[in-house]
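Asker: Need the 3D shape of this:
(3 chains)
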Amino acid sequence: MSATSIFEFANPVRFERIAARAFPLALIAALVSAAIGLYFALFNSPADYQQGETVRIMYVHVPAAWMALFCYSAMAVSSAAGFIWKHPLADVAAKESAPIGAAFTFLALFTGSLWGKPMWGAWWAWDARLTSVLILFFLYLGYMALWRAVPDKTRAAKLAAILAIVGFVNIPIIKFSVDWWNSLHQPASILRADGPSVHPAMLTPLFLLIGAYSFAYIALLLSAMRNELIARRLARYELASGEAPARVVER
Amino acid sequence: MNALLAIIARDIRLAFRAGGGALQAVSFFALTIVLFALAVGPNLELMSEIAAPVLWTAALLATLISLEQIYRADREDGSLDVLVETSSLLALTALAKATAHWISTGLLLTAATPVLALLLNIEGAALWPLILSLLIGAPGLSLIGSFAAALTAALPRAGLLIAIIVSPLYAPILIFGAGAASAGAAGDPQYSANLALLGASSLFAAIFSPLASAAALRFNLD
Amino acid sequence: MSDAAQFNVTLTARDLAVSRGGRVIVDGVNLVVGPGEAAVLRGPNGAGKTTLLRALAGLLAPASGEITVSAEDARIYCGVLNGGKPTLTVTENLRFWAALYGASFGPARAAFGLEPVEDRPMRELSTGYQRRLGLARLVVSGRAVWIVDEPTAGLDAASTTAFECLLAEHRARGGAAILATHEPLDAPGARTLELEQ
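Answerer: From the prediction side, this is the model:
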């Protein structure tokens, strides 16, 4: 075995040990903060003076939108780390962040649409922020589709990393262009630019749920990464049982 | 420099040879506009109102379908190896490839626009903003698109994948491009701001897309 | 111009390992090919000859180890694919290569007897002629180290001999060559390297 493959094995083994302990902790933290957060969100926070009870959708929507961006950032940072330092776990973290991030993005879109119905009287009103999140969702789809399409996983990791970094660099530009597009076509925004005014009592459940989502992300990521590493070890085992590397013999 | 010009000349020549994509892209461009018109109905007033966005969308789609061949053909016949081994800086080679794609697709679509604009009831003064916006924005489409083509160079059927990858990245150019064309036609003061932002987007793509394409190509050589 | 040139380039590989699909397939390669030398790589299908050649040509990053070439832009790789465009004519392909390598293509066209088909698109040529066009790029390039995968596959006896003569000429001028082949190849003084599991 060459030096590189030993390196590829060494870190995942330590990761497996740490992940096995961290996973249940993250899961418990997510469930507890979600339970307390939802209690505050549903029973122990004021209704909005304009939006009434529907404002409570915010507590699931805003953290989801926040996580949508956070997961993409995590994906891009892991990709850059995998690309620059060739750290084997970084590629796995990037790959497994994508479906979790896409799920959060979908949740943000879904709850945003639910929230929009009572506010705008339509499920979808091409609000600037929702539209940006929709484009972000397509960025996730492209990233995941590239991973699936490239059969050689070492190559897929490199190419997907480049795409994640390019996508990340473009997010502010896309965001700016959509805001611009929205202001161009709808001078009077339906939703106030700063969103619903936030009562201090609303902050407690909001932060609790952001915490719950973050812990859920960590738990899901750890478990997905463990699965992926096991699958890779299995694939490598099958490969290794084939043939040893060839050597050059001079005649 | 000679080598880069040779690459541009070769790719343009290939685009117009049998099996090259240039004429297909223009035909697709025209067909999309006709299909839009059939869907909207023969309402000239409505048509001239949506003409700029329709033309821009059609140009974007026509560019999209022509992207797949940029690098895949070179990889399949071995000429990608030749380009890599003779290139002093792979990003410059990628810039040359994107330039050739723009000339054989984007510029051709821009040239066909005055004729197709007639079908959509765009009159004299409204035509210039449209053409100017395509001249500034179409290079950006080719540059960003060639990056997606570089990413997928080793994949046999990448057309749909390229569309998924590239569409979100095209959003700013479509917004500023169609925005400029519409604003210009309406005499809106936002016209020049849109054009400036469109130019900035294309310039940004000109700087970063060749670098990203070169990085992607390196991993598609085996 | 390239006729008069004397080459003086050495390619060295140290502890080279190459991988394909995430697996190391060739390991522990130590190789020095200097002016006038040739190495012929042999081995069963799938042993990793092509991957090794592409790494030696600088097209693939090695999994470990290093490759040094004593001059820049000295290597030329000619794979199983000929690297020409099917819809361009023989002359158009040669002219394009000449522009890329900064050289002339006349001698190469003559050396491979391509004049009779010079105005025909590459895709209309027989396999043998297509290969001859592909190999002509070696001569067009004027580069010192030829790295060629299956040079004579699809060539008739006369063309194979013609290639062997050009190879001898190239080495006589101080050129080096690394070739992978399954077929008998007359290359006097060439070392044979066997890829073994």
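Asker: Helices of chain A, start to end?
Answerer: A:3-43, A:58-85, A:88-120, A:128-149, A:153-185, A:200-240 (DSSP state H).
Asker: Same question for chain C.
Answerer: Per DSSP H, chain C carries helices over the ranges C:49-56, C:90-101, C:106-111, C:127-141, C:157-172.
Asker: what is the rounded mean pLDDT of the shortest one?
Answerer: Averaging pLDDT along helix C:106-111 yields 89.
Asker: Tell me if that helix is near chain B.
Answerer: No - Helix C:106-111 stays clear of chain B (CB under 8 Å from any CB of the partner chain), getting no nearer than 14.0 Å. Every residue, glycine included, has its C-beta placed from N, CA and C.
Asker: Which residues does stretch A:149-166 contact?
Answerer: For stretch A:149-166, contacts defined as CB atoms under 8 Å, 6 or more residues apart in numbering or on different chains pick out A:72, A:75-76, A:79-80, A:82-83, A:91, A:94-95, A:142-143, A:146-147, A:232, B:147, B:151-152, B:154-155, B:158, B:161, B:165, B:169, B:208, B:212, B:215-216, B:219-220, B:222, C:19, C:21-22.
Asker: and if we set it to 7 Å?
Answerer: With CB atoms under 7 Å, 6 or more residues apart in numbering or on different chains as the test, stretch A:149-166 has contacts from A:75-76, A:79-80, A:82-83, A:91, A:94-95, A:142-143, A:146-147, B:147, B:151, B:155, B:161, B:165, B:212, B:215-216, B:219, C:21-22.
Asker: and those residues, which are buried?
Answerer: Buried members of the contacts of stretch A:149-166, scored by 16 or more other CB atoms under 10 Å in any protein chain shown, are A:75-76, A:79-80, A:82-83, A:91, A:94-95, A:142-143, A:146-147, B:147, B:151, B:155, B:161, B:165, B:212, B:215-216, B:219, C:22.
Asker: centroid residue for the chain?
Answerer: If you meant another chain, say so; for now it's chain A. Nearest residue to the geometric centre of chain A (CA atoms, centre = their mean): residue A:101, 2.3 Å.
Asker: that's the other chain; I wanted chain C
Answerer: Geometric middle of chain C (CA atoms, centre = their mean) lands on residue C:148, at 2.7 Å.
Asker: any idea how far chain A is from that one?
Answerer: Distance from residue C:148 to chain A, counting by CB to the nearest CB, to the nearest Å: 17 Å.
Asker: Hmm, that residue is touching residue C:179, no?
Answerer: Yes - Residue C:148 lies in contact with residue C:179 (CB atoms under 7 Å); the separation is 4.9 Å.
Asker: about what we covered before: residue B:130: which of the helices of chain A is closest?
Answerer: Closest to residue B:130 of the helices of chain A is helix A:153-185 (CB to CB; 16.7 Å).
Asker: For that closest one, the averaged confidence score.
Answerer: The model assigns helix A:153-185 a mean pLDDT of 91.
Asker: So which bits of that helix are buried?
Answerer: Applying 16+ other CB under 10 Å to helix A:153-185 flags A:153, A:155-168, A:170-171, A:173-175, A:177-182, A:184 as buried.
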